[in-house]
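Novice: sequence below, structure please.
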Amino acid sequence: MRVGFVVTRRAQEIEVQISAPENNDQSALVTYSRAGDSFALLMGRLYYRSDRLAELLGICAPEALRESQGNDAALVLAVYRHLGRTALERLEGDFALVLWDAQNTELIGLRDPLGGYPLFWVQHESTVALSTNLRPLCAILPQCTLNEAYFADFVLMHAPCQEGQSEQCVYLGIHRVLPGTIVRAKGDCARIERRAYWDWLKHIKDPGTSERAEIAEQYRPLLRAAVQERMRGCTLAHLSGGMDSTSVALLARDLASSGMGQAPIHTISQVYDRLPLLARERAYIESALHNQTALVAHQLLSDDLLDFDSFNDPPLHDEPYVALAYLTAGLHIGRLADSIGALTILTGHGSDEIHVELPSYIADLLRQRHFGQAWQEATKWAKGLNQSAWTVLATFGIHPLVAPWVAGSRWASILSKRQEDWSLPNWILPSFARRHAMKSRAVENARQMYRQSEQTRLSLTLYGLRQRAGDVFRWSVAAPLGISQAHPFLDPRLITFGLGMQSRIQPRPKQSKPVLAEAMRGILPDLIRSRGKGGFFNEVYYLGLARNLPSLEAMVRQAPLEGMIDKALLLQHLRVGSIAGVPLRALEPLTCTLALLKWLCMQKEWLQVREKVSLTDHIVLQGERG
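Specialist: All right, here's what the predicted structure looks like:
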């Protein structure tokens, strides 16, 4: 069952339809609140609710806020009514919301800065509708037509990208509400206004120091608070043995032990026996679980959970999903979470964007014509990365400078494969590439990656945050089970501090996430605090591609997509990739294209699905005012 809501405004009425998970009384994943003819609908969760309630208590009687104590939609409605529209922009959480202001005849839609849940809108004749799902909006249009321009953008995406980066979506005539954006349909809804209300650069928090130890001291309570805000009900935390997820899991343990969350905390760890590189992760997992009585540890034996297995029976998803191939283990984790009654899954996603220290500043030195200093830094980092100085200089210095100029051209293939590969997949038909200006799209992607800020490192981080927007697992796997997947490292309070931290700190070689390691001193085992890069999942990819090769080949042959892809050439690349001789980075366009083809093959089934409506409400409009 798919969950979410759709709000449809017609000439004489507004209709609300809610599809809530079966455990919505406990999970409160979809909330609704109505005051007179005004209402608010929210999918997801609000965090730091106490801050908003404190604002309201300064101007409202406590009894007027009784419903807001436990209902996120009621809190949204109270914030709007008493603090105004701009106060909606201070809401924090993972959510998509729609609000109807009956007094001003205004329909408002909004997503949080990282787009925790999807929200789409459509306008057709006198009807305007907003929905967390695409299918109800398709039903409003005379016909549901695939958007080729969306496909052109999609095949240029790279994991971990979760959704398209523009308003256009996979169907013509339907628009995406972008993360950190508010849309308004006022009066007769003849025109839809949209405005980006969130800009990461305007919210950077300066730590006031360049000393890592002092920064870590400020960072630790922020991370702890981010974990605490996301712990609701029974909680299952990823514990991979890496620094990120293990930090979150052990902080959750400590919070639950002190009465600030439901105990015990459950953990889930993927373990391997036969895959030699990943089998090494057991030692790190065991060090975190040693003598633990406050955790209920679950292990998922994953030798046979390979990439592309998820193509055999994927969850229905509204739009193509770049990382569909990597969803195999996640489906098993979702089932485990459901079996133990979890309402929350915690992950370590998002830490890399803030904490990984790489010599991206070498590009800045070259741009400033400090060639000698750039070479010195490349030489210094070459020892730490076990590479040649020329490789470091090319990867972190020359590549960011030239990528925006050569993206999409034949010269793109000379760029370092450690960063994004900006060449167009050669199975894309030239006529399609020309028709949709794919070279220009690749150039724009490269500019977004390297030119959003004067500092290359900051620009890379901002680009990475855009890639993180949305979460397909959250709404296609977890939400139907009434479970919220949450990523504490992607808390905007943590991110804005991390951006300030990056502006202060000069990266150093041979240190893996030094600020996080220092912040977690005394909580993380030293074995994990001092470890290098985490496990390598190349084995899982290559073995999975080889095992699923026959079914993938059959899918390519039958995929209903003509005029875009040379299937014979795609099949040739698919067979070469399955031999494990091609670097994994170079196979990302292949993975992306296969995900698109799988989505297309699922469209007939997707169009036949009907949401189980758990609540319907109608508001009769009494004529336009204002």
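Novice: ok, Thr267 - contacts?
Specialist: Shown in contact with Thr267 (Cβ atoms under 8 Å, 6 or more residues apart in numbering): 236-239, 249, 289, 295-298. In short, each C-beta sits where N, CA and C put it, glycine included.
Novice: and with 10 Å instead?
Specialist: Counting by Cβ atoms under 10 Å, 6 or more residues apart in numbering, Thr267 touches 235-240, 245-246, 249-250, 252-253, 285, 288-289, 292, 295-299, 346.
Novice: what number of residues lie near the closest residue to it other than its chain neighbours?
Specialist: Ranked by Cβ to Cβ, 6 or more residues apart in numbering and with sequence neighbours excluded, the top spatial neighbour of Thr267 is Leu239, at 4.0 Å. When neighbours are counted by other Cβ atoms under 10 Å, Leu239 registers 31.
Novice: for the stretch 151-300 of the chain, which segments count as helices?
Specialist: Counting by DSSP state H, counting those that start in this stretch, the stretch 151-300 of the chain has helices at residues 212-230, 243-257, 276-279, 281-289.
Novice: buried stuff in the third one?
Specialist: So the one you mean is helix 276-279. Leu278 (16 or more other Cβ atoms under 10 Å).
Novice: so what does that helix touch, helix or strand wise?
Specialist: Contacts defined by 3 or more Cβ pairs under 10 Å, 6 or more residues apart in numbering; DSSP states H and E place helix 276-279 against strand 265-271, helix 538-547.
Novice: output the contacting helices and strands for whichever strand or helix holds Lys598.
Specialist: If you go by DSSP states H and E, Lys598 is part of helix 588-601. Other helices and strands packing on helix 588-601, by 3+ Cβ pairs under 10 Å, 6+ apart, are helix 148-154, helix 538-547, helix 549-558, helix 567-577.
Novice: so for Arg66, which of these sits nearest?
Specialist: helix 148-154 (44.8 Å; Cβ to Cβ).
Novice: list the buried ones in the closest one?
Specialist: The neighbour-count check on helix 148-154 (16+ other Cβ under 10 Å) flags 150-154 as buried.
Novice: what about that helix, average pLDDT?
Specialist: Averaging pLDDT along helix 148-154 gives 93.
Novice: same check, this time on stretch 295-312
Specialist: Mean predicted lDDT for stretch 295-312 stands at 96.
Novice: just the CA atoms of that stretch, as CSV, please.
Specialist: What follows is stretch 295-312, C-alpha atoms only, in CSV (Å, rounded to 0.1, in the frame of the first residue of the first chain):
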residue,chain,number,x,y,z
LEU,A,295,21.5,-2.8,22.6
VAL,A,296,19.6,-5.6,20.9
ALA,A,297,21.9,-6.5,18.1
HIS,A,298,20.6,-8.1,14.8
GLN,A,299,22.9,-9.4,12.1
LEU,A,300,21.9,-9.7,8.5
LEU,A,301,24.1,-12.3,6.7
SER,A,302,24.6,-10.5,3.4
ASP,A,303,26.9,-12.7,1.2
ASP,A,304,23.9,-13.5,-1.0
LEU,A,305,22.3,-10.1,-0.9
LEU,A,306,23.8,-8.7,-4.0
ASP,A,307,23.2,-5.5,-6.0
PHE,A,308,20.7,-5.8,-8.8
ASP,A,309,18.8,-8.5,-6.9
SER,A,310,16.3,-5.7,-6.1
PHE,A,311,15.4,-5.6,-9.8
ASN,A,312,13.6,-8.9,-9.4
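Novice: list the buried residues for it?
Specialist: 295, 297-298, 302-303, 305-311.
Novice: what about the stretch 51-200 of the chain, any weak spots by pLDDT?
Specialist: In the predicted model, the stretch 51-200 of the chain carries pLDDT under 70 at residues 189.
Novice: one more pass at 80, please.
Specialist: 158-160, 187-190 (pLDDT under 80).
Novice: again with the stretch 301-450 of the chain
Specialist: Looking along the stretch 301-450 of the chain with the criterion set at pLDDT under 80, you get 404-423.
Novice: and the helices and strands packed on helix 276-279, which is most packed in?
Specialist: When these are scored by mean count of other Cβ atoms under 10 Å, the highest mean neighbour count falls to strand 265-271 (a mean of 24).
Novice: strand partners of that one, parallel vs antiparallel please.
Specialist: Sheet pairing of strand 265-271 (DSSP bridges) gives strand 235-238 (parallel), strand 295-301 (parallel).
Novice: the residue lying closest to Gly180 once chain neighbours are set aside: what's it in contact with?
Specialist: Using Cβ to Cβ, 6+ apart and skipping the chain neighbours, the partner closest in space to Gly180 is Trp198 (3.1 Å). Remark: with contacts taken as Cβ under 10 Å, 6+ apart, Trp198 is in contact with 89, 111-114, 178-182, 492.
Novice: buried ones in stretch 325-340?
Specialist: By neighbour count on 16+ other Cβ under 10 Å, the buried set for stretch 325-340 is 325-334, 336-338.
Novice: from the residues you listed, which is closest to Glu55?
Specialist: Within the buried residues of stretch 325-340, proximity to Glu55 (Cβ to Cβ) peaks at Ala337, which comes in at 33.8 Å.
Novice: just give me the neighbour total for Pro320.
Specialist: Pro320 - counted by other Cβ under 10 Å - has 24 other residues nearby.
Novice: just the one 4 residues further on next, same as before
Specialist: With neighbours defined by other Cβ under 10 Å, the count for Leu324 comes to 25.
Novice: number of residues surrounding the spatially closest residue to Leu561 that is not a sequence neighbour?
Specialist: Sequence neighbours aside, Leu600 is the residue nearest to Leu561 in space, at 5.7 Å (criterion: Cβ to Cβ, 6+ apart). By other Cβ under 10 Å, 18 other residues sit near Leu600.
Novice: ok, Leu600 - contacts?
Specialist: Counting by Cβ under 10 Å, 6+ apart, Leu600 makes contact with 146, 151, 170, 320, 555, 558-561.
Novice: looking at the most centrally placed residue in the chain now. What's its pLDDT?
Specialist: Closest to where the C-alpha atoms of the chain average out (Cα atoms, centre = their mean) is Arg468, at 3.4 Å. Looking at Arg468, its pLDDT stands at 90.
Novice: now do the contacts for it.
Specialist: 114-115, 160-163, 179, 349-350, 352-353, 487, 489-490, 495.
Novice: Gln485 too?
Specialist: 94, 116, 230, 236, 238, 330, 333-334, 337, 344-347, 349, 471, 473-475, 477-479.
Novice: neighbouring strands - and their directions - for the strand or helix carrying it?
Specialist: Secondary structure from DSSP H and E places Gln485 in strand 484-486. The pairing partners recorded for strand 484-486 under DSSP bridges are strand 344-346 (parallel).
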